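Undergrad: Please work out how this folds:
(2 chains)
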Amino acid sequence: MPRHQYDRHALCCAYQIQDTLRQSHLALLQDHARWAVPVMQQFTQLVRTSALLARAVSRSPTSRTARMVDQRLVHQLRSTTRDMQTLEHQLTTDSCPPIPPLRDLLGELDQIESEFGGWIYDHLAKELSTTTEPISLEGIALGPFKIRLRLGQTITHLLGRLCWVQALEPNPATGNSEVTHPHVSGEAVCVGDAGPDLIRALRSGRVCDFFLLIRGVLENYNPNSPYVRLDEWSGEPCSDCGQSTHEDNRSSCEACDRSVCDECISSCPHCDKTICFGCVTQCRSCEQTSCAQCLAPCASCGDQVCADCLDNDLCPTCLENQHDDDDDINNESTNDTQESPEEENATA
Amino acid sequence: MQVLFINNNGGGFADYLDVAEHTTIGKFFADKMPHESSSNYLIRVNRQPVANDYVLQPGDRVTFTPTKIEGAVCRVA
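TA: The predicted structure follows:
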């Protein structure tokens, strides 16, 4: 867009950036004042302890009380020194850079124009946005992304409240439609170690650097910490756990025909069929895993048992019970046979 | 002479630095980022891309912005 056409628009945006910076600086200074309070309280405590030591020394310089108060003073001094160093580090890293003049902010917008080819400022939403070129990572086309920066609210370390990344031609991961980029989920980009650089750029009014850094995240892939790995991007979701999985790491369950990942697959030890965890069942007798087809019901109790445990259509427990019953019957028969001569004698 | 140096890979470091006359941007990069490759950075002087042999001028605004940044999964504490 030629400069003369967007001058007023650019000024409006630059004013909004300046206003946002003022709000943020005020909030940051208030934070600094709040963080300093505990250290100031420690100073008060130091003054009290040193006065106590002076009184103790004036009463008896060699007393045990004086020595104890002296040790307390040393301890408090160490603690205060440590906390002061921590505070100094906090105030330095979270410092307030000067608010840039409008001329510089207009320069930022000009630079966005030259780096990205344009920008849009939504006056009502107080949102400044720009669009990347189409991005491809490891051969996977992810399309262009619109980077949206919300102005008009305090700049904090919570980048998710300030910045959104919207896929304009989304090619989301098969297993999760919210993930449009390995490092973007639900339009929130996770910037890894770039967080402090991004916050510092925003607090300094360097909005172009902010967009360039976000583009730097989008144009790169960190295989160690993605929402979805690129080698699993276009894979089919596992029917069991839902994880998107590449074809090479997927198997089909021979019992239910569902496609599952290697983590969710097992095999039947009896027939060697590939079965998913959902189809795995257990022999009620030996408790070995098996597919349902390799189990049969016990003719007596109905429990599903494997072929190894089934004998004469009975599970081991029922078979044992049957043997016991048979033994009892045999014993009774033997007794009957043994009783017969006596009965004969009695009759005689 | 002094230039404004903004390093977007060092926590957003920005400061005025003294540099020798006739220092090229290539040498300045090598001095400030000795372990980095210039191909992994957007190097801008006064918001414009410049050649490696560009000679820095007093008051120049120099920015180094990394182009290879590793994202990560956000973990809410």
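
Undergrad: ok, A:L137 to chain B distance?
TA: A:L137 sits 11 Å away from chain B, going by C-beta to the nearest C-beta, to the nearest Å. C-betas here are computed from N, CA, C, even on glycine.

Undergrad: Phi first, then psi, for the residue nearest to that residue when sequence neighbours are not counted.
TA: Nearest-residue entry for A:L137: A:Y221, 4.7 Å, with adjacent residues in sequence omitted and distances by C-beta to C-beta, 6 or more residues apart in numbering or on different chains. In terms of degrees, to the nearest 10, the main-chain angles of A:Y221 are phi -130, psi 130.

Undergrad: Test my guess that A:Y221 contacts A:R229.
TA: No - look at A:Y221 against A:R229 with C-beta atoms under 8 Å: they stay out of range, at 9.2 Å.

Undergrad: Need the residues touching each of these two.
TA: Listed as contacting both A:Y221 and A:R229 by C-beta atoms under 8 Å, 6 or more residues apart in numbering or on different chains are A:P182.

Undergrad: Next one: A:N220 from B:G71, what distance?
TA: Here A:N220 is placed at a distance of 7 Å from B:G71 (C-beta to C-beta, to the nearest Å).

Undergrad: So if I had to pick from those two, which one is more boxed in?
TA: Between A:N220 and B:G71, counting by other C-beta atoms under 10 Å in any protein chain shown, B:G71 is the more crowded of the two (25 against 18).

Undergrad: ok but the more buried one is inside a strand, no?
TA: No - assessed with DSSP: H, G, I helix; E, B strand; the rest coil, B:G71 is coil; it does not lie in a strand.

Undergrad: OK, contacts around the closest residue to it other than its chain neighbours?
TA: What sits nearest to B:G71 in space, not counting adjacent residues and going by C-beta to C-beta, 6+ apart, is A:H183, at 3.0 Å. Listed by C-beta under 8 Å, 6+ apart, the contact set of A:H183 reads A:189-192, A:217-218, A:221-222, A:226-227, B:71-73.

Undergrad: The residue of the stretch 101-250 of chain A found nearest chain B: neighbouring residues, count only.
TA: For the stretch 101-250 of chain A, the nearest residue to chain B under the criterion C-beta to the nearest C-beta is A:R200, separated by 2.4 Å. By other C-beta under 10 Å, 25 other residues sit near A:R200.

Undergrad: That one: helix or strand, and which one exactly?
TA: helix A:195-203 (DSSP states H and E).

Undergrad: elements contacting that helix?
TA: When contacts are defined as 3 or more C-beta pairs under 8 Å, 6 or more residues apart in numbering or on different chains; DSSP states H and E, helix A:195-203 sits against helix A:3-59, helix A:207-218.

Undergrad: okay if I get the ones you listed as JSON lines plus mean pLDDT?
TA: Output for these, formatted as JSON lines (pLDDT from 0 to 100):
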{"stretch": "helix A:3-59", "mean pLDDT": "87"}
{"stretch": "helix A:207-218", "mean pLDDT": "95"}
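
Undergrad: which of those sits most buried?
TA: Among the helices and strands packed on helix A:195-203, helix A:207-218 has the highest mean neighbour count (mean count of other C-beta atoms under 10 Å in any protein chain shown), at a mean of 26.

Undergrad: Show me what it is packed against.
TA: Taking 3+ C-beta pairs under 8 Å, 6+ apart as the contact cut, helix A:207-218 packs with helix A:102-116, strand A:145-150, strand A:163-167, strand A:188-189, helix A:195-203, strand B:61-66.

Undergrad: Same list, the ones you listed, but as TSV with distance to A:A10 please.
TA: Converted to TSV, these look like this (distance: least, C-beta to C-beta, whole Å):
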stretch	distance to A:A10
helix A:102-116	5
strand A:145-150	15
strand A:163-167	20
strand A:188-189	25
helix A:195-203	18
strand B:61-66	19
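
Undergrad: The ones you listed: which one's closest to A:R59?
TA: Nearest to A:R59, of all these, is helix A:195-203, at 53.5 Å by C-beta to C-beta.
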